[in-house]
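Peer 1: Sequence and computational prediction follow.
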Amino acid sequence: MKMIYKVTVERCIACGKCELACAFAHGSEGKPSKTRINIFKRGPELGTPVVCFQCDDAACAAACPTQALVRNEETGAIEMDRDRCILCRLCVAACPFGNMLWDEAYHLVQKCDLCGGDPKCVPFCPTHALEYVPCEEAPKRPEPLAWESGAKEMRAGS
Amino acid sequence: MVSLTINGKSVRAREGAYLLEAIRAAGFDVPTLCNHEALEPWGGCRLCLVDVTKAGWDGWKKMVVSCMFPVEEGLIVETHTPRVEETRRVVLDLLLARCPDAPLIQKMAAEHGIEQTSYERNPEPTDCILCGLCTRVCDHIGVSAISSVNRGSGREIAPPFNEAPPDCIGCLACAEICPTQCIPYKTSDYKRSIWGKDFEMLRCKTCGKAHITVMQAGYYAGKNGVPGSYFETCDACKRKVMAEQFAKLSSGARG
């Protein structure tokens, strides 16, 4: 695993572009799938993206009776082998963070697989709240964006 | 690794693999109805038949079901010889006689040039092709609530004594895996019924949505050693809780 999916919650402006990118990247013929990343609003133009953590000791994989959830050692993501899935939805119930999703339209379970190492949501994020960065860069605190520093100045001035 | 020839193409396959896996890895396709990646091969539908021979066999060939035949060094495999195709046609013709209204069988038969069955049409049409996927997936989960009963033309899939199966946990795996979708069930956020048995759903304690039955949660919690609390909240509510946690963390960091 060389790259890591990094979410900087403070930067999210709840624009919903990641959700759209995800839904259309994994849908077919223009029919969107259930989005694997979800934004929860926590204020005006502030959001919290919630997406699969690709846990080390993953409850979804432990619960799966057919070993359909397997880690891709290259990307570090837990991927779903659709040919092995028997649609029992146990992973949906087992994920402690609610990141396994039942997609009624496609009648299957959706889970973030980092798009096989090229997450489609990342380039659509206008504030770089979502990034796909080399592992060693992940702990670095991101540089504040222009609007962030502006907001801080305003807050300091008031 | 084992070397073999498939339709004239030299390929290498994993030792202990079955022919079907090697055939598909080599880019060829054979039709199957009873095969599933997650389950042990069963050889029930007889559609994945192929001809195999070896250099020293003087041209003698035998027909095997590729899903259950292990790869062997030097094996020469042909997936679409006339006699293999003819056998597949007979199988599909018989299936079409048994299940004349099943769209999947109609489609597969049409792909093999059969529009109408040449046998007598089943007077009591069914969509069940007796592929055994439902019973095998039930065994795999460890429940074994249903099995095939009776013999010959009277064979069918049923719970014991045709009564509501006490072991069934209502996971729907049998209905979902059925290639002809012929196992009826009803499900809502309150109640699920399948095989004549009613199940109470495990409803989210916050919003009331449900994905699994109470029995299913109990069974899996016991089997996997996970706490029952894993199943108490639905995915959407869990995500909401996560988002609130993050919001708290991020506002603390900004402070």
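Peer 2: That came through fine. Numbering: from 1, shown residues only, chains lettered A, B, ... in the order given.
Peer 1: quick one: the residue lying closest to residue A:27 once chain neighbours are set aside and residue A:111, what's the gap?
Peer 2: Distance criterion Cβ to Cβ, 6 or more residues apart in numbering or on different chains; nearest residue to residue A:27, sequence neighbours excluded, is residue A:33 at 4.2 Å. C-beta coordinates here come from the backbone N, C-alpha and C atoms, glycine included. Distance of residue A:33 to residue A:111, given as Cβ to Cβ, to the nearest Å: 11 Å.
Peer 1: Looking at those two, which has the bigger crowd around it?
Peer 2: Remark: of residue A:33 and residue A:111, residue A:111 carries more neighbours, 21 against 18, as counted by other Cβ atoms under 10 Å in any protein chain shown.
Peer 1: you'd agree the more buried one is up against residue A:99?
Peer 2: Yes - contact criterion Cβ atoms under 8 Å: residue A:111 and residue A:99 qualify, at 7.0 Å.
Peer 1: where do the contact lists of these two overlap?
Peer 2: Shared contacts of residue A:111 and residue A:99, defined by Cβ atoms under 8 Å, 6 or more residues apart in numbering or on different chains, are found at A:36, A:52.
Peer 1: element containing residue B:135, please.
Peer 2: helix B:133-141 (DSSP states H and E).
Peer 1: For the helix or strand just after that helix, list every residue counted as buried.
Peer 2: Downstream of helix B:133-141, the first helix or strand assigned by DSSP H and E is strand B:147-149. Using 16 or more other Cβ atoms under 10 Å in any protein chain shown as the test for burial, strand B:147-149 gives no buried residues.
Peer 1: In the sheet, which strands lie alongside strand B:147-149, parallel or antiparallel?
Peer 2: strand B:156-158 (antiparallel) (DSSP bridges).
Peer 1: how far does the strand it pairs with sit from the chain's center?
Peer 2: Centroid separation for strand B:156-158 versus its chain: 16 Å, with Cα atoms, centre = their mean, to the nearest Å.
Peer 1: Next: stretch A:122-140.
Peer 2: The answer for stretch A:122-140 is 12 Å, by Cα atoms, centre = their mean.
Peer 1: Contact residues of the stretch 51-200 of chain B facing chain A?
Peer 2: B:137, B:140, B:141, B:142, B:171, B:172, B:173, B:176, B:177 (Cβ under 8 Å from any Cβ of the partner chain).
Peer 1: now the residues you listed: which count as buried?
Peer 2: B:137, B:140, B:141, B:171, B:172, B:173, B:176, B:177.
Peer 1: okay if I get those as CSV plus pLDDT?
Peer 2: Shown next, in CSV, are those (pLDDT from 0 to 100):
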residue, pLDDT
B:137, 95
B:140, 92
B:141, 90
B:171, 92
B:172, 92
B:173, 93
B:176, 93
B:177, 94
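Peer 1: tell me the two of the residues you listed that are most distant?
Peer 2: Greatest spacing in those, by Cβ to Cβ: B:140 and B:172 (14.1 Å).
Peer 1: which element is whichever residue of chain A sits closest to chain B on?
Peer 2: Across chain A, the shortest distance to chain B (Cβ to the nearest Cβ) belongs to residue A:98, at 3.0 Å. Following DSSP H and E, there is no helix or strand that holds residue A:98.
Peer 1: Go ahead and confirm it touches residue B:243.
Peer 2: No - proximity of residue A:98 to residue B:243 does not meet the contact threshold set by Cβ under 8 Å, at 9.7 Å.
Peer 1: Please enumerate the shared neighbours of these two.
Peer 2: residue A:50.
Peer 1: Let's see the pLDDT reported for the one residue sitting closest to the centre of chain A.
Peer 2: Closest to where the C-alpha atoms of chain A average out (Cα atoms, centre = their mean) is residue A:51, at 3.1 Å. pLDDT for residue A:51: 93.
Peer 1: Equivalent analysis for residue A:27, please.
Peer 2: 90.
Peer 1: Look up phi and psi at it.
Peer 2: phi -90, psi -180 (degrees, to the nearest 10).
Peer 1: Could you count how many residues lie near it?
Peer 2: 16.
Peer 1: Next: residue B:207.
Peer 2: 13.
Peer 1: Run a quick neighbour tally on whatever residue of the stretch 101-250 of chain B ends up closest to chain A.
Peer 2: In the stretch 101-250 of chain B, no residue comes nearer to chain A than residue B:238, which is 3.0 Å away by Cβ to the nearest Cβ. Residue B:238: 21 surrounding residues under other Cβ under 10 Å.
Peer 1: who's in contact with it?
Peer 2: A:95, A:96, A:97, A:98.
Peer 1: name the element it belongs to?
Peer 2: Per DSSP H and E: helix B:235-254 holds residue B:238.
Peer 1: Run the chain-centre distance for that helix.
Peer 2: 39 Å.
Peer 1: Check the average confidence over that helix, would you?
Peer 2: 80.
Peer 1: need the contact list for residue 3.
Peer 2: If you meant another chain, say so; for now it's chain A. A:75, A:117, A:132, A:133, A:134, A:135.
Peer 1: Hmm, no, I was thinking of chain B.
Peer 2: So residue B:3 contacts B:10, B:11, B:12, B:73, B:74 (Cβ under 8 Å, 6+ apart).
Peer 1: What is the nearest of those residues to chain A?
Peer 2: Relative to chain A, and with distances defined as Cβ to the nearest Cβ, the nearest of the contacts of residue B:3 is residue B:11, at 20.2 Å.
Peer 1: Surely the closest one and residue B:2 touch.
Peer 2: No - the criterion here is Cβ under 8 Å, and residue B:11 misses it with residue B:2 at 9.3 Å.
Peer 1: Flag every residue of chain A that's near chain B.
Peer 2: A:9-10, A:38, A:40, A:42, A:48, A:50, A:59, A:62-63, A:65-68, A:81, A:83-90, A:92-102.
Peer 1: Could I get the full set of helices for chain B?
Peer 2: For chain B, the helices defined by DSSP state H cover B:19-25, B:82-98, B:103-111, B:133-141, B:173-177, B:214-224, B:235-254.
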